[in-house]
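Novice: this one's sequence-less:
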């Protein structure tokens, strides 16, 4: 069985390599908006399913893994920053506060489709303006939901749940889902 990761994220690729030795990458190109008002968990799952379905249409003989990660603070979804100023504002908003990271995961092959999510609570350190300025200037937040990577030092005080979920691919959940879809083969 061939496996396909429906994401261009180097972090997801690295995490998936902890589970699978051999897979290809074919990123979904569709939009990341949903028009219906859902709970954040439903939005993450809907986006992951949309990506997975798009890539599955090109790889119907494979098992496709699609993911979407969102950051939720006080009920608001914080996406990828539009620009450096947006990244600064997001990091100031999260400084010293707690938020949630939700990753929707869809695993699909010709036998079965599973859609689930993982959710991690994250508490930030209090970030100085200087720290935020230097972090944003380094470019790291620009392609990440919530304008940060947990793997970057100095940001996160503590977290409850899956570390790899915050990076963008909840390894334990994906491993479990892959085992479930293989049972039908």
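Specialist: Arrived safely, thanks for sending. Since the model is a prediction, treat every value here as computed from it, not as a measurement.

Novice: Show me what the host helix or strand of residue 105 packs onto, helices and strands only.
Specialist: According to DSSP states H and E, residue 105 maps onto strand 98-108. The elements that strand 98-108 packs onto, with contact taken as 3 or more Cβ pairs under 8 Å, 6 or more residues apart in numbering; DSSP states H and E, are helix 40-56, strand 63-73, strand 113-124, helix 163-167, helix 171-182. In this view, the C-beta of every residue, glycine as well, is placed from N, C-alpha and C.

Novice: will you turn the ones you listed into TSV that also has mean pLDDT?
Specialist: Below are the helices and strands packed on strand 98-108 laid out as TSV (pLDDT from 0 to 100):
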stretch	mean pLDDT
helix 40-56	96
strand 63-73	96
strand 113-124	98
helix 163-167	97
helix 171-182	95
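
Novice: hang on, the earlier thing: relative orientation of the strand holding residue 105 and helix 40-56 in degrees?
Specialist: Strand 98-108 and helix 40-56 are oriented at 30 degrees to each other (axes from the mean of the first three to the mean of the last three Cα atoms, to 10 degrees).

Novice: Give me the buried positions along strand 98-108.
Specialist: 99-108 (16 or more other Cβ atoms under 10 Å).

Novice: repeat for stretch 145-160
Specialist: Neighbour-count burial for stretch 145-160, with 16+ other Cβ under 10 Å as criterion, is recorded at 145-150, 155-156, 159.

Novice: Isn't residue 142 up against residue 85?
Specialist: No. With contacts defined as Cβ atoms under 8 Å, residue 142 does not count as touching residue 85, sitting 11.7 Å away.

Novice: which one of those two has more residues nearby?
Specialist: For residue 142 versus residue 85, neighbours defined as other Cβ atoms under 10 Å are more numerous around residue 142 (15 against 10).

Novice: Double-check that that one belongs to a helix.
Specialist: Yes. Under DSSP: H, G, I helix; E, B strand; the rest coil, residue 142 sits within a helix.

Novice: And residue 77, which helix or strand is it part of?
Specialist: Here residue 77, judged by DSSP H and E, is contained in strand 76-78.

Novice: For the following helix or strand past that strand, enumerate the helices and strands it packs against.
Specialist: Read in the C-terminal direction, the helix or strand following strand 76-78 is helix 84-94, with elements assigned using DSSP H and E. In terms of contacts (3+ Cβ pairs under 8 Å, 6+ apart), helix 84-94 is packed against strand 76-78, helix 129-137.
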